[in-house]
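[1] Below is the sequence, then the predicted model.
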Amino acid sequence: MDDAPGTGAQGGDRRTAPELATLLLELARVVKARRYYKAGDPRLADIFSRFVRTWLGDLGRKGTLILEVGPQGFREAGQRGVLTDPHLAELRRELGERGVHELRFEPEVDAEALAGLAEVLASDAGRIAATGGFAVMLEERVPFGITVAGPVPAVAVGLPSEDSDADLPPIVRIPDPVPAVAAPLAPAAASDDEAPTLVPALAEDEPVLEIDPPESTEPLTIIEEDDPAIEALPPDDPTAETVPAEVATATDLVAPERPAPVDVVPAVPDIEPPPPETPANPAATDELTVRLRELGLCTSVADYTDLARRICTMAERAFDQGDTDAFVRAVRAFARHVDGKEESRLAETAASFLSHLAVGPRLDHLIERAAEGSEDGVHASRALLLLDDDAIRHLVDRAITATDRIQRERLLAVVLAASERALPALLDQLGDDRPDVVRHAIRLIGDTQHPAAVPRLADGLHHRDAETREETARALVRIGSDEAIAILARASRHEDAGIVALALNSLASTGNVRALPPIENALERAIEAKDVARAKEIIKALGRMQVPEAARPLAALLQRRSRLQRWLRDLKVAAIAALGGIPGDEAVGALAQAAHYRDAQMRKTAQTALDRRAGALTRRS
């Protein structure tokens, strides 16, 4: 999906194809899960929580999303290409059947609104028709923030109809990427040196999409996709009952306690997967298939252990003979059992064999698979997250020192998914002599948002490399703890003017009232020293904080006597301009007083700021 020049709605950057795919795949996943799970089910809560974090984070960064739905796929309004993906086909078809050609999402959308959208999409056609149609039902469940446009000609939205003979715009197919992980919300990549956004894969064997209804007590048999036994399976029972839909709210869906949200995760460009390797010993591979199937049926720890030993031996031998696919199949089976076995002892046994199998060159090969943009890379990434701490440390080393940028970002996404388990290894990287390695580590530490890392980040503000200092400041802002703000406050009193400016801008970027005192103190020092340039920068920083409390030091500045002090008059004009962007009554009151000053420039600046605020209020209402 090629981006047209310009900016998106509300003046924000338009979404890239991976970013739009991230949103749609999360929406498709939560709708599918809602049809399987009852309201309040903890499994649904976990899926819904990630859905809400992803959407609220994107809307907060990018602004309004106008989603066009056409017969060929999806796109954001104003884009030239069409986004299509097999995993989105069902969502596109259902929206089309409900007559939806455009959905508009405002930045004010909250968790309740998103829960309402998921509930409406998960409802059956009869229930929707009984309420008057999709648009009516959506308006009842979501009174604000999400609006729907009914059928319109394809030309009106810029998407060709199914009967049109016109040339179609370019279609972008999203590859199977590394799975999405909880990560702090970071701005979208703007250059080649920045990480793209990870598209969460909606794999065919993902539990959310292919789980039995909660009432089922039959054991789940794991069968490989290429297993000939699949054809012998009986067809689905058409009389099987489905779980009745229940009205859910965001309170029902959201888990009671979740870790801090994370931003966005790296995207996976489309890379042609390598051709499958020919097994060195086809007979051995067939035997492995049989053993893996038997392993999935084991209910005894003793039987599982005996069979797992044999499978490990077979997988190790296959790897040594060059049949790496057989090794990966064994890894995938153990990883599924770690997550899927209800008996905790069986899951623990599977985890021990998985860690035993993925060591040395085999671990390196698994990491290489995770760096690929293929389905195997997805499964390898999931397996890596189940390994022990030593393997995670090795993964961190490989990810941060990778020379290929795309592969490095994929591996860094896996490291980020490991979260706290990867933190000790990331902190060790801070002592590396290579600035690029240190920067990658600092960025990931900031994305984990873990307060325990803050003391180790303090030295990064004084690093010899300017980009490393900037990355450190961004990491401290993302963490945002009291200690992080205190470190930035100390840096604002540094002798180096560059470090001071970096610290003050970072404090303002937190948008936290706890950052106000050091900024106020810095403004006082600049005024006493008659450092007009520094004082103007601090005033602008206060304006960017967007909190009502930031009006106080600016209003106090306006009360200073400036007769015969032109430099102080210039600072007052800057303060009036900054007040125009600060919410709250105190800012309005200060501007109203300034609109009656004798100085013509101050009056004009204040009146302009008041007019803009009034215009913005009118547009919102």
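    Okay, I see it.

[2] Report how many residues lie close to residue 588.
    Residue 588: 18 surrounding residues under other Cβ atoms under 10 Å. C-beta: built from backbone N, CA, C; applies to glycine.

[3] residues touching it, list them.
    For residue 588, the contacting residues are 610, 613, by Cβ atoms under 8 Å, 6 or more residues apart in numbering.

[4] what's the distance between the spatially closest residue to residue 597 that is not a sequence neighbour and residue 585?
    Of all residues not flanking residue 597 in the chain, residue 603 sits nearest, at 5.5 Å (Cβ to Cβ, 6 or more residues apart in numbering). Using Cβ to Cβ, to the nearest Å, residue 603 is found at 21 Å from residue 585.

[5] Neighbour count: the two, which is higher?
    Neighbours per residue, other Cβ under 10 Å: of residue 603 and residue 585, the larger number sits with residue 603, 15 against 9.

[6] so that one touches residue 595, yeah?
    Yes - judged on Cβ atoms under 8 Å, residue 603 makes contact with residue 595 at a distance of 5.7 Å.

[7] Show me how far stretch 387-406 is from its chain's centre.
    21 Å (Cα atoms, centre = their mean, to the nearest Å).

[8] for stretch 23-41, same thing?
    Computed by Cα atoms, centre = their mean, the chain-centroid distance of stretch 23-41 equals 17 Å.

[9] Pull out the buried residues from it.
    Within stretch 23-41, the residues scored as buried using 16 or more other Cβ atoms under 10 Å are 23-34, 36-39, 41.

[10] Tell me which of those residues fall in helices.
    Using DSSP state H, the members of the buried residues of stretch 23-41 that fall in helices are 23-34, 36.

[11] tell me which of those residues is nearest to residue 529?
    residue 23 (49.1 Å; Cβ to Cβ).

[12] surely that closest one meets residue 55?
    Yes - in this structure residue 23 lies within contact range of residue 55 using Cβ under 8 Å: 6.1 Å.

[13] Correct me if wrong: residue 462 contacts residue 473.
    No - using Cβ under 8 Å, residue 462 is not in contact with residue 473, being 11.3 Å away.

[14] Who has more neighbours out of the two?
    residue 473 (26 against 13).

[15] can you pull the contacts of the more buried one?
    461, 488, 502, 503, 505, 506.

[16] Would you agree the first one falls within a strand?
    Pointing back at residue 461 there. No - secondary structure of residue 461 (DSSP: H, G, I helix; E, B strand; the rest coil): helix, not part of a strand.

[17] how deep is it tucked in, by neighbour count?
    Neighbour number of residue 461 under other Cβ under 10 Å is 22.

[18] Likewise for the fourth one?
    Applying other Cβ under 10 Å, we find 26 other residues in the vicinity of residue 503.

[19] gap between the residue lying closest to it once chain neighbours are set aside and residue 531?
    Closest residue to residue 503 apart from its sequence neighbours, by Cβ to Cβ, 6+ apart: residue 491 at 3.7 Å. Distance of residue 491 to residue 531, computed by Cβ to Cβ: 18 Å.

[20] Then residue 323?
    70 Å.

[21] And for residue 492?
    For residue 492 relative to residue 531 (Cβ to Cβ), the value is 14 Å.

[22] Residue 490 now?
    Distance, residue 490 to residue 531, by Cβ to Cβ: 20 Å.

[23] can you check residue 38 too?
    Counting by Cβ to Cβ, the gap from residue 38 to residue 531 is 64 Å.

[24] got it, and residue 29?
    54 Å.

[25] before we move on, what about residue 326?
    Taken as Cβ to Cβ, the span from residue 326 to residue 531 is 69 Å.

[26] Report the helix or strand with the lowest average pLDDT across the chain.
    helix 154-157 (a mean of 35; mean pLDDT, DSSP states H and E).
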